[in-house]
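[1] Give me a 3D structure for the following:
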Amino acid sequence: MADNHAVVFLMGTAGSSQWREPIKAACAAEGISVFDPIVPSWDEAASRREAEALQHARVILMAITGETASVGALAESGWVALSALRRHQALGLYIDPHYTEQAEPTADLQTDAPRTDKRATDTVESASQRARKLVIQHATRLAEQFPELTIYIAKDLADLQAWTIQTAKTRLPRAIRQVEQPQSAALAAYIARHQAPPLCVAYASGRVNIIGEHTDYNDGFVLPAAIDKTIYVAANLRDDDLIVLDSLDFESAVTFPLARLHDDSLPSWTRYIRGAIALCGTLALLNGQNPNRLRGMNFTIAGNVPLGAGFSSSAAIEVAMFEALSALLGVPLTQVQKALLGQQVEHHFIGIRSGIMDQLIAAIGKPDHAFLIDCRSLEATPVPLPKGVTLVALDTSVRRELVSSEYGMRREQCEQAARIMGVPSLRDATPELFAAKRAEMPEVIARRAQHVLEENARTLAAAEALRQGDLDRLGALLNASHASLSQLYQVSIPELDLMAALAQQQYGVYGARMMGGGFGGAVIALVADEAVARAIEAVSAAYTAQSGRVCTPYTAKAGMGSGVTYLGGVG
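    Numbers count the residues shown, from 1 in each chain. Predicted coordinates for the structure are as follows:
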């Protein structure tokens, strides 16, 4: 549910990029996320990530220094990117006075530099002056086209850094908080707003996936557990066509008519709620009701599921919403149906072709148990979790900025591998079939398929290790899962790799791996109860020292699935 995009975008320029590191360090110290498109190797995926980050960033920076390529090269590439800026963004520019151009002919630059043609001693402007003029000319055109676009030309790099921090702070998204005692908070806030109790309070939990990553949309196996961190939705019907939403997490309130359910100008946190309501027509049809006679509704939402860290707060709100809608509309739904409807919100309203794991475990979770889920048949087998261990999530503080585009690409690659092997999905491929067909696959496709096949086997082995109480075996499987996600599926990032490695080194940690879709978020570690505090302290200190980022730890026990409590308000 969080806005996961970087706040500051560093415009890519050819050559070295030493000016970028101080900016990134200063932003990190202030908790401001930065996207730097400079990567060791450039490919189509990197290009998509850059385009998406540029679109959503709030502050754009560009510096022309002695390390930068020629003005002509910048005019050809950098200005094209700058033209994509949007009204809500701020652009910071700096031109180093010591910039020296790489033999760029002055005549090729369309500047208004004054010259005296008749004298051999005529002075031609320095490259830095001409670069500055070119920048200012382009900035002026941008300002004329987009009056709301803030453009700042810095005196030096220190000035650029100070302006960046100040501007980014004013443009940071509203802070998201985890609400203490969210059930009572949601109820109290609802009554204060509407001067009457709700009909019901629905709830659904976040989740951790112990093992089985990127297997669910391949009809494979997963081993998640609902956790003891939950989203609550106080709800009731109205007599008009208004949807009245209050989020204590986002400290935001929105009211709109049913006709605006698909209006994306509404705050982004409302997308999951609007998506669930948009499927009310399906619920009405299931109950023999007229889907065109829906009424307005009130929803007050509060939770303590960490957002953006890989706990699937999105699935929790989706399932909680269908618990609430089922109660409000009087439409009985099974837990599996609620999960499937939540998945439909992801597919058709959010635009992510997710698997079923997140919604299903949010609906069926059980205290002190994980579930071995067959994502094809949806058969879910409870597996007791041994006592004396805690699930510890170690948040890298890197938000999962671009997971949607990369997620879709991974799914397409898996489908391509299945087609090459002639099977409906990778679930149906055997190691022998994969070995026979691997030579026909592009290397990247083979890597994706290898991960899925081996991850399915690890997941089944992990469930058996839990049944046997073999935590050492389970930990080894978690470590192997991370290595595969990083090297074969390539959804990890340096911060996740570092966090996993640090956790794996600690006494009392059985195993650790990245959790969730990847490209940011958290590492999940299985830790002996008596070692939790010491492991968190050691990992946090080492992670900050080596990455410059803050580690935010969360501890969790396996919790309950979704449900609803009726309070007797008038529906």
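[2] What is the least confident helix or strand in the protein?
    helix 71-82 (a mean of 48; mean pLDDT, DSSP states H and E).
[3] next helix or strand past it?
    strand 90-95 (DSSP states H and E).
[4] where does the stretch 251-400 of the chain have low pLDDT?
    282-293, 308-309, 399-400 (pLDDT under 70).
[5] if we go to 80?
    281-293, 307-310, 353, 399-400 (pLDDT under 80).
[6] can you give me the strands in it?
    252-257, 297-303, 369-374, 380-384, 389-395 (DSSP state E, counting those that start in this stretch).
[7] wait, what's in contact with residue 202?
    Shown in contact with residue 202 (C-beta atoms under 8 Å, 6 or more residues apart in numbering): 232, 233, 235, 320, 321, 323, 324, 327, 562, 563, 564, 565. Where C-beta positions appear, they are placed from N, C-alpha and C, glycine not excepted.
[8] The fourth one - how many residues pack around it?
    In terms of burial, residue 320 registers 33 neighbours under the definition other C-beta atoms under 10 Å.
[9] and it, how far is that from residue 273?
    10 Å (C-beta to C-beta, to the nearest Å).
[10] Quick check: can you list the domain ranges of this protein?
    In the assignment given by automatic domain parsing, the structural domains of the chain cover 8-171, 182-387+560-566, 390-556.
[11] average pLDDT across the top strand by length along the chain?
    Counting by DSSP state E, the longest strand found in the chain is strand 221-237. Averaging pLDDT along strand 221-237 yields 96.
[12] got the angle for that strand vs strand 380-384?
    100 degrees (axes from the mean of the first three to the mean of the last three C-alpha atoms, to 10 degrees).
[13] who touches residue 495 in this structure?
    Contacts of residue 495 (C-beta under 8 Å, 6+ apart): 396, 397, 398, 520, 547, 549.
[14] Just give the number of residues close to the closest residue to it other than its chain neighbours.
    Leaving aside its sequence neighbours, residue 495 sits nearest to residue 396 (C-beta to C-beta, 6 or more residues apart in numbering; 4.2 Å). The tally of other residues near residue 396 (other C-beta under 10 Å) stands at 27.
[15] Paired strands for the helix or strand where residue 209 lies, with orientation please.
    Per DSSP H and E: residue 209 is located in strand 200-211. Sheet pairing of strand 200-211 (DSSP bridges) gives strand 221-237 (antiparallel), strand 563-566 (antiparallel).
[16] Distance from stretch 434-454 to the middle of the chain?
    Counting by C-alpha atoms, centre = their mean, to the nearest Å, stretch 434-454 is centred 27 Å from the centre of its parent chain.
[17] list the buried ones in stretch 156-168?
    For stretch 156-168, the neighbour count (16 or more other C-beta atoms under 10 Å) marks 160, 161, 163, 164, 165, 167, 168 as buried.
[18] sorry, back to before: just the buried residues of the contacts of residue 202.
    For the contacts of residue 202, buried by 16+ other C-beta under 10 Å: 232, 233, 235, 320, 321, 323, 324, 327, 562, 563, 564.
[19] nearest to residue 374, of these?
    Lowest distance from residue 374 to the buried ones among the contacts of residue 202 (C-beta to C-beta) belongs to residue 562, with 20.2 Å.
[20] correct me, but that closest one touches residue 338?
    Yes. The pair residue 562 and residue 338 passes the contact test of C-beta atoms under 8 Å, sitting 6.7 Å apart.
[21] Mutual contacts of the two, please.
    319, 323, 363.
[22] Show me the shaky parts of the stretch 401-550 of the chain.
    In the stretch 401-550 of the chain, residues with pLDDT under 80: 401-407.
[23] Of all pairs in the contacts of residue 202, which one spans the longest distance?
    321 and 565 (15.2 Å).
[24] quick one on the thing from earlier: the helix or strand following the longest strand of the chain - what's its average pLDDT?
    Reading on from strand 221-237 to the C-terminus, the next helix or strand found by DSSP H and E is strand 242-247. For strand 242-247, the mean per-residue pLDDT is 96.
[25] Other residues contacting strand 242-247?
    189-190, 193-194, 238, 252-258, 261, 269-270, 273-274, 277, 296-302.
[26] doesn't residue 382 make contact with residue 366?
    Yes. Counting by C-beta under 8 Å, residue 366 touches residue 382, with 5.7 Å between them.
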